[in-house]
Structure formats: C-alpha cells, structure tokens
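Q: prediction below, plus the sequence it came from.
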Amino acid sequence: MIGAAPRADALGADALGGGVALLLAALVGAALLMLFAQAGEAQIAALLGGAYLRSILRFTLIQAVLSTLLSVAFGVLVARAFARERDFPGRRALLGLMSLPIVLPSLVAVFGIIAIYGQNGWLARALGAAGVEARPDIYGLGGVVLAHVFFNLPLAVRLLLPGWHSIPVETWRLSAQLGMSGWAVFRLIEWPMLRRYLPHAAATIFMLCVGSFAIVLALGGGPGAATFEVAVFEAIRFEFDPPKAAILALGGLALNLVCLALAQGAVGDAVIGTGWRMRGQDWARRAPAARLSDGLLIGAAALLLIAPVAATLVDGVTGLASAALNWTLVARATLISIGLALPAALLTLLLALPMVLAEAGARSARPMRAALLRGALVLPIAVSPMALGLGCFLILRLTLEGLPRAVTGIVLLNAVMIVPFAAAILRPAVERARARHDHLCRALGITGWARWRLIEWPVLRPSIGTALAMAAAMALGDLIGIGLFGDANLRNLTLLLYDQLGAYRMGGAAVIAALLMLLIFALYQAIERLVSGRVAP
Amino acid sequence: MSHLEARNLAFRYEDMEMQFDLAVERGAFLSVIGPSGAGKSTLLSLIGGFERPSSGQVLVDGHDITMLPPAKRPCTTLFQDHNLFAHLDVEQNVGLGMDPTLRLDSAQKDEVRQSLADVGLAGMERRLPGQLSGGERQRVAIARCLVRRRPILLLDEPFAAVGPGLRREMLDLVRALQARLGLTVIMVTHDPGDARHAGGRTAFVHAGRVVLVDETERVLTSAMPEVRAYLGS
C-alpha cells in the first residue's frame, strides 16, 4: 500500500503551476494551428520554390554567421581579459554593463549606433575634424552585424566567463609553478574549457541573430535584407496578406527550431547568467604587456557598449529644443507604453511564478513532471516571437475588435514572450529557498497560503522585484506587439521611434530614444525598489 | 510492544540498497553511529517522513505511520543546520512550531517564551537568527521541538557545527529535557564520543543495515569487525 508520496501538502501549488503550463501550451498550440490553417498548400508550394524565400534565407544565414563569429571571437578575448584581471576598480560596474543589452530596446541601440557610426555620426565628424573625409554607410549587412555584435558580445562574455571561473585556482598555481607559457596555458587549460562552453554560446547567439527583428528592420536598408521575422512583419503591416505572413512565420519557426536543436534546448537558462562569483585570488603575477592588452580589450568592449548609449543621451538632450516633434503625441505614446508594459509585466509574473514553484516542487519526486514544466517555460523561446504574435493576431481577429483586441493582444504577447526570462531570474531563488526551507516547512506543516505568506514571499521578494522590473523594461521596448496589433491611435514610444528612424528624422529619433531609455531606467528602479523592499538579512 | 519500530524499511539511493530494522522503547535515548554513507541520516529521514520507503513500515505504538506527511507524524526533527528561517525572528521561528500559520493567542505566546527560557534564551525573542551564535541557533530549534510536543525527537547530527565543549552542554540540555518530558530520542552522530557522553543505547549502521543495537558501552567495545574498523581500534 505504498504508492502516493506523503506530500499531499504541496498539491495546491503543483496544480496551479500545471494549470498555467497547460494554458500556455494551449495558447502556443492554437497560435500554430491558426498559422497552418491560414497558409494554404498551393501558396506554400509557390513560395517555397520562389526567389524571395531564398533571398531571405541567404541574408538571414550570412548575417547570423558573421555576427556570431565576430561576437564569439571578440567575446572570448574580452572574457579572458576579465578572467585574468580579477581586481581592478570598476570591474563590477563593467560586468554589470554586460547585462545592459537585455533591457535596452533594439531600436534605441539602433539609434545609438547610427549616432556613432552613421553618415553624420560622431565617428564621421571626428574623422572629418582630423581631416579624413569618411561617409560610412551604416545601412545594410555591415550595420546589422555591428548592431548584433553590440548586443551579443556582452552575452558571449556572460556565457563564457563562468568557463574561466570553473577552472580551479590550483590549476593556475600549477601552471605558474611549471612555468607554462601563455600559449601553453591556452592550449592545455583554456582551450579544453572553451570546447565545453563555446558551442553553447555560439549556438545561442546564432539563434538570436537568426530571429533578429527590430535591428534588421531598421538597419537592413532594403527589401533584399530581411530575416523571416522582418518579412512576416512587412507582409502583415504593409501588404496585409495573412496567408503569406503565415507561411513566412512558419518558415521562421522551422529555422528557429533547427537553431534551438543546435543550442541543445538549454537556451532559456543560459541567456541570463547569475552573478559573478570570484575566487578572490590572483593566479599569477603578470607581465605588464599582458596587462596592457587586457586593459585595451576591456576598454574597447566598454567603449563599444557605452558610446551608443552616451550618444543617445547627449543627442537626445541637446536636440530637445530643436526637434520637430508633436509633443502631445509623445506624451500620449509615453502613457500608452507604460499602460501596456505594466499589465504585461504583471501577467508575466503570474504565469512564470506558479510554474517555477511547481517545477522546483516536482524536481526530486517527479522528474518527468518537472521536465514538462521546464519545457513549457522555454516554449515561447522555441516558437519565434513573430510566429506566436501572428498566430495570436489571427485568433484574436476572430473574437475581439478594436481597442480591446489590440490591448489584449499586446499585453498577452509580451507577457508570454518574457516568461522564459522571468523564469530564469526566479528559478535560482526559488530553488535556493526550497533547498533551505522545504524540509522544515514539511516538518512543521507550514502549507498553502501560510507558507506563501510567511516563508516564500519574504524570501523571494527581492527576486520577484527584479523579475517584475526586468519584465516591465522588456515590455516597454515592445515593437512586435504594437506593430501587429496597434493602429494609428495606439502607438507607443518604440513605434514612434521606428517612424522617426524610418523617415531619417534623427533629431526626433534622438529625443524619443533618450526618453525611452530614461523611462526604462526609472521604471526599472521604481519597481525594483517598491517590490523588493528591504532585503531579508 | 516497542514505542517506535522500523520494519523491513527498504530504500534505494543510487546504487545502494538499504533495509532497516529497528525497535526503540519509550523514553529511550538511542545514538546512531556508523561510517559516512552507511545510511544513518537516511534512516532518520525515513522515520521523519522526508523520504519514502519502497517497502516496509514505520510503526509508532503499533500504528502504521508510513504514509503520513512529516508534519502529521508524532516526531519532530532537528536538522544539522538550516533549522531556522533567516527572515523570521526567534519568537516567530519557535511560534511556527505551535501554529504553522503563526496566528498565536497569548497563552501560546507565553508557552513560546517559556520554552525559550527552558533552553536558556530568555530575552532573545526579537533577535534574528543571523544575530545568534551557532549554538544559540540550535537552542532556538530545540525550543521549537519542545513546543511541538511530539513524543519522538529525531536529531540529525545536530551539534556537528559547534565546538566540543558546547556540544557536551547541548547534549546535557537535550538529556535533561528528555528526562523531564519523557521523550524518545534518536540521535545520528558521526562522533562516537557524543554517543558515549549521551549514554543510553547505540545502534551501529553499516552498508544500509542496522547491524548492532545494544548498550552504548557494549557497542563501542564490541568485537564486531565492522565496528572495530569504524572506530579504528
């Protein structure tokens, strides 16, 4: 008579998490079914053989390969420099900077990159002042790759640095004692480590570049330069051709799944690392030349990241007076941005938290169930945002109209897309809390609401605050949702920025980009302070 | 009839098959010793309800409690560490033993304070665990075990983290409380000295089995090869 585990106490939370997972899976499933229903067979055949699809595929793969190679190569060097220089002022801040691209909207970065590297950008002006005439063309393959390196170099550093931290201190001491040369250290110690860490990092970055949307949309510079995501967006927004969009979305989805298989399905966790624990010991006294090269590498990476952000703020503030902007429209868009982002962030949390709690609860006793929940949590990454968005759009078109449809669609799409990121923030905290407290709670019979009120909430509060703040920041940068569901009256700041960029009105773009960046920063801080409260000792 | 009985309690951990048989009389103090990895803590987890046996039974006064969740068992466990919630103060931590929703009436609050006084922590009610020494934290946990009023106290290497002098003191405290309240105590320890100091009886666990139970001195002087090998004499 020994079947059911003596753990009926956790049933409530388990059922809730399972229910949410089913709901999420049903939504994704319905969206995909809708895409298949919309894409007629004849059209699939026609498009599959066409030159259009081939050109999309070619551009997508070329830019993704180039972006990945550059990001990873530069990333290895920078991560290595950070690993070797364990103790210099500003190290923490610089590593913190590596998280910036997670919350920075792509279009803001695009503006920053144009402001630095564009035809009339800071670089061109600096060169001009030095007597060198340069008219760089930022639009096209070069600009797309540059923007992707901006976003993915920090990610590469975040994914690779733990590799260096996994090398024991004794190994470094041994290498110093044996008098290994730099090359020997690389060949015998670092390369074997990289062989474990590089494939995952490269596959993750490749997948993000293949699915890139806003960067390619704004910097691609022509009909030939499109990813599937961009093609879907254009097919629905400019041509309003749902069958064509559906086929393109399915194409993007297929490519995404291939990349996901490459990345071995572990992307959800790896996208966001957790902290930078140090071993606290210098592993060798180092030659000045090596330290100089490390310093130059770290400096170059920092400049690459900081320059566009700084340019955006400076251009935005200095252009405030002269920008030809409809301020009523900007104010309205600001309110719309906030009004859509906050509910989306809240919904993200309501979806992610029960699933993460249920997953942690099922881990030891029901590994199968935990794996399913984990799968549901990365589902939105597996399905490309545009495919999911279009699917939702096609479903909601049948049931709702006007403003309710738009708001429902935007909030729902953003919430679902951000779930994997929120889960990645919540999971370590939930697991740590469970490891520490689960036995005790079960021993004392602290269950249900009492357990949430007395134990989980106070312990998880800081992580919940961070997750909520990050979700709101990401939702503020939404372009896909507003692009699919919005109309002339429902425009957020991102869409306004896109319009300004599209019309090459750099003055207005600067102001909106800076405003959006400051808004994200302020909202992030406010939410984190408000929700996290005092940190439990 | 024994007070507590483990009957053919089978459990598998990775490649290790364990099967425990054990009987403990009411009011006894039983130390459990044996090599690390032999299954001492697993035995305690099975009795406490944190692990589920693949077969076999745990009986208390003849009643089968094998299927009961930990909180419903007539046992209370003191873990090696992490016995306290770091964000709750001493009084709240003990109060959770009275009522897991922490809604206490004034009589219950008095009892919490009394139990804190019993373990020598009167006046520390408002402290957070982080402000206490390791020994004091374990005293708080013992106070909570007291207010739970369970007849069986399970100690899982409870004083491994405190120094030898303090250890004796804590053991004496547990012994005194046991005598006063008539508790049945099972203590897992990796230090035969703890068992010797506690007196009572001792069980020797080896390779997933209880191979010897007797008066502590007799176990520690047993000629059994496994015991000799473990004690290194």
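A: On my side now, so go ahead. Numbers count the residues shown, from 1 in each chain, chains lettered A, B, ... in the order given.
Q: now the residue of chain B found nearest chain A: closest residue in space that isn't a chain neighbour?
A: For chain B and chain A, the shortest gap (Cβ to the nearest Cβ) falls at B:Ala71, measuring 2.8 Å. (Glycine included, C-beta is placed from N, CA and C.) In space, and not counting its chain neighbours, B:Ala71 is closest to A:Gly445: 2.8 Å by Cβ to Cβ, 6 or more residues apart in numbering or on different chains.
Q: all helices of chain B, in order?
A: Per DSSP state H, chain B has helices spanning B:40-48, B:90-98, B:106-118, B:134-147, B:164-181, B:192-198, B:216-220, B:225-231. These are given in chain order.
Q: quick one: the first one near chain A?
A: Yes: using Cβ under 8 Å from any Cβ of the partner chain, a contact is recorded between helix B:40-48 and chain A, made by B:Gly48.
Q: what's the local residue count around A:Leu515?
A: If you count neighbours by other Cβ atoms under 10 Å in any protein chain shown, A:Leu515 ends up with 22.
Q: so what's the closest residue to B:Gln108 other than its chain neighbours up against?
A: Take B:Gln108 and drop its neighbours on the chain: the residue closest to it by Cβ to Cβ, 6+ apart is B:Met98, 4.9 Å away. Neighbouring residues of B:Met98 by Cβ atoms under 8 Å, 6 or more residues apart in numbering or on different chains: B:104, B:108, B:111-112, B:147-148.
Q: top of those residues by neighbour count?
A: Ranked by neighbour count (other Cβ under 10 Å), the contacts of B:Met98 have B:Val112 at the top, with 25 neighbours.
Q: and the residue nearest to B:Ala71, how far from A:Ala503?
A: The gap separating A:Gly445 from A:Ala503 is 65 Å, by Cβ to Cβ, to the nearest Å.
Q: can you check A:Pro105 too?
A: The value you get for A:Pro105 to A:Ala503, if Cβ to Cβ is used, is 19 Å.
Q: next to chain A, which bits of chain B? Give me the list.
A: By the rule Cβ under 8 Å from any Cβ, the part of chain B lying against chain A is B:48-50, B:52-55, B:66-72, B:76-77, B:79, B:82-83, B:85-88, B:92, B:96-97, B:100-102, B:128, B:130, B:144, B:148.
Q: quick check, A:Val411 in contact with A:Pro343.
A: Yes: applying Cβ atoms under 8 Å, one finds A:Val411 in contact with A:Pro343, separated by 5.0 Å.
Q: give me the more crowded residue out of these two.
A: Legend: neighbour count by other Cβ under 10 Å for A:Val411 and A:Pro343, higher for A:Val411 (24 against 18).
Q: go ahead and flag the most central residue of chain A.
A: By Cα atoms, centre = their mean, chain A has its centre lying nearest to A:Ile102, at 4.8 Å.
Q: got the helices of chain B as a markdown table, with distance to A:Leu484 and mean pLDDT columns?
A: Shown next, in a markdown table, are these (distance: least, Cβ to Cβ, whole Å; pLDDT from 0 to 100):
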| stretch | distance to A:Leu484 | mean pLDDT |
| --- | --- | --- |
| helix B:40-48 | 53 | 92 |
| helix B:90-98 | 50 | 91 |
| helix B:106-118 | 58 | 93 |
| helix B:134-147 | 56 | 91 |
| helix B:164-181 | 65 | 89 |
| helix B:192-198 | 68 | 91 |
| helix B:216-220 | 75 | 94 |
| helix B:225-231 | 70 | 93 |
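Q: quick check: the residue of chain B closest to chain A vs A:Leu16, distance?
A: To A:Leu16, B:Ala71 is 21 Å away according to Cβ to Cβ.
Q: settle it for me: which of those two has more neighbours?
A: B:Ala71 (19 against 15).
Q: who are the contact partners of the more buried one?
A: For B:Ala71, the contacting residues are A:9, A:442-447, B:100, by Cβ under 8 Å, 6+ apart.
Q: if I look at it, how far off is A:Leu497?
A: For B:Ala71, the distance to A:Leu497 equals 56 Å [Cβ to Cβ].
Q: with A:Gly508 instead?
A: Using Cβ to Cβ, A:Gly508 is found at 9 Å from A:Leu497.
Q: neighbour count winner among those two?
A: Comparing A:Gly508 with A:Leu497 by neighbour count (other Cβ under 10 Å), the higher total belongs to A:Leu497, at 28 against 21.
Q: for the more buried one, which non-adjacent residue is spatially closest?
A: Leaving aside its sequence neighbours, A:Leu497 sits nearest to A:Ile512 (Cβ to Cβ, 6+ apart; 4.5 Å).
Q: which element is that neighbour on?
A: helix A:506-532 (DSSP states H and E).
Q: who does that helix touch, helix- and strand-wise?
A: Packed against helix A:506-532 by the contact rule (3 or more Cβ pairs under 8 Å, 6 or more residues apart in numbering or on different chains; DSSP states H and E) you find helix A:106-117, helix A:288-318, helix A:327-362, helix A:457-476, helix A:493-502.
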